[in-house]
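Undergrad: Sequence and predicted model, in that order:
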Amino acid sequence: MTIKLGILMDPIQSIKVKKDSSFAMLLEAQQRQYDLYYMEMSDVFIDNNEAKAFTQRLEVEDNLEHWYQFTSPIKQVIKLSDLDVILMRKDPPFDMEYIYATYILELATQAGTLVVNHPRSLRDANEKLFTHQFPKCTVPTLVSRNKEQFKAFLQQHKDIIIKPLGGMGGHSIFRVQEGDHNFNVILETVTDQGEQYIMAQRFIPEITQGDKRILIINGVPVDYALARIPPKGETRGNLAAGGTGQGIPLSKRDYWLCEQVAPRLKAMGLIFVGMDVIGDYITEINVTSPTCIRELDTLYQLNISALLFNSIEEILQDSTS
């Protein structure tokens, strides 16, 4: 039986083909002769208590000039329950529109469609806050709106990182050291004058060796990570912020960290996860649209998407047996 796979993503015409993990997944799915159904956020809806979408059939090609084409001339409405699998690959920000989309997708899961990752868990596992479920794996952290608490946190730890809870790609991340005269304005900006929660973490000096992205597929880590090295004069290793990717094998500590989180990830239906590690500590657990597939595939002659779809096919088989 041909697997019907839907993908909900940002506009495919705007992706960077050489780096895009969703595109890598589509290439592998097509290789397996899946039927591909393309959707954007504006396409999904609820009609008479059923999750539906305007979709277009899709073909992809690993070609920098012409990487996709729609084989259906117009969008067609389908029930999401008619799909076997849906990849939820919409990038953050994790805002109310994103949350509304997860409610629509959750109706599809209730009707028997496998959504990767599970919509309820996308809501529950905030990529910054979810780390607090694993206190042995994290550095001292403060989540608050209160300026005085952040001042005390800085006084205690001397060197900290401040970031919003819903961003991506290194956006609005600040390193603050004791005595920084810009500290107040940074807090005012990132908290929107105390109206938004933010996070502070003790600075981890091992960032100079890279912010490691470890990909975990249904609880099993890929054996190599992409260490994102900050450029000179920068503390952010994010590739979107100018970091350089360098492949490295996982260390014993990395495997131990993965073992701590794997049972919880599997239980929550978080099948494809990108865990960020600096030094010995988890800093984020990315569940919305983790990246770095194509970089690691190229560096180590891997096919991470194949590992993902092997796991998805096993889950589908188990659900029908």
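TA: Arrived safely, thanks for sending. Values in this document were obtained by computation on a predicted structure and should not be read as measured data.
Undergrad: Surely residue 206 is in contact with residue 283?
TA: No. Checked against C-beta atoms under 8 Å, the pair residue 206 and residue 283 is beyond contact range at 10.8 Å. All C-beta atoms are positioned from the backbone trio N, CA, C, and that covers glycine.
Undergrad: And these two? Which one has more around it.
TA: residue 283 (24 against 14; other C-beta atoms under 10 Å).
Undergrad: Who does the spatially closest residue to that one that is not a sequence neighbour form a beta bridge with?
TA: Once flanking residues are discounted, residue 283 sits nearest to residue 276: 4.9 Å by C-beta to C-beta, 6 or more residues apart in numbering. Beta bridges link residue 276 to residue 213, residue 284, judged by DSSP bridges.
Undergrad: Contacts only, for residue 276.
TA: Applying C-beta atoms under 8 Å, 6 or more residues apart in numbering to residue 276 gives the contacts 211-214, 282-286.
Undergrad: again, only using 7 Å
TA: By C-beta atoms under 7 Å, 6 or more residues apart in numbering, the residues touching residue 276 are 211-213, 282-284, 286.
Undergrad: Can you redo the residues you listed as a markdown table, where the extra columns are pLDDT and distance to residue 131?
TA: What follows is those, written out as a markdown table (pLDDT from 0 to 100; distance: C-beta to C-beta, whole Å):
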| residue | pLDDT | distance to residue 131 |
| --- | --- | --- |
| 211 | 94 | 14 |
| 212 | 97 | 14 |
| 213 | 97 | 15 |
| 282 | 97 | 5 |
| 283 | 95 | 7 |
| 284 | 94 | 7 |
| 286 | 95 | 11 |
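Undergrad: Which of those residues lies at the shortest distance from residue 228?
TA: residue 211 (4.7 Å; C-beta to C-beta).
Undergrad: Report how many residues lie close to that closest one.
TA: Residue 211: 26 neighbours (other C-beta under 10 Å).
Undergrad: State the distance from it to residue 300.
TA: Applying C-beta to C-beta, to the nearest Å, the value for residue 211 to residue 300 is 19 Å.
Undergrad: repeat for residue 202
TA: For residue 202, the distance to residue 300 - C-beta to C-beta - is 32 Å.
Undergrad: likewise residue 1?
TA: According to C-beta to C-beta, residue 1 and residue 300 sit 32 Å apart.
Undergrad: again, but for residue 310
TA: 17 Å.
Undergrad: With residue 156 instead?
TA: 41 Å.
Undergrad: what does residue 209 give?
TA: In terms of C-beta to C-beta, residue 209 sits 19 Å off from residue 300.
Undergrad: Have a look at those two and say which one is more surrounded.
TA: residue 209 (16 against 13).
Undergrad: and the nearest residue to that one once chain neighbours are set aside, what are its bridge partners?
TA: Excluding the flanking residues, the one nearest residue 209 by C-beta to C-beta, 6+ apart is residue 227, at 6.7 Å. In this structure, residue 227 bridges to residue 212, residue 246 when assessed by DSSP bridges.
Undergrad: residues in contact with residue 227?
TA: Contacts of residue 227 (C-beta under 7 Å, 6+ apart): 209-210, 212, 246, 248.
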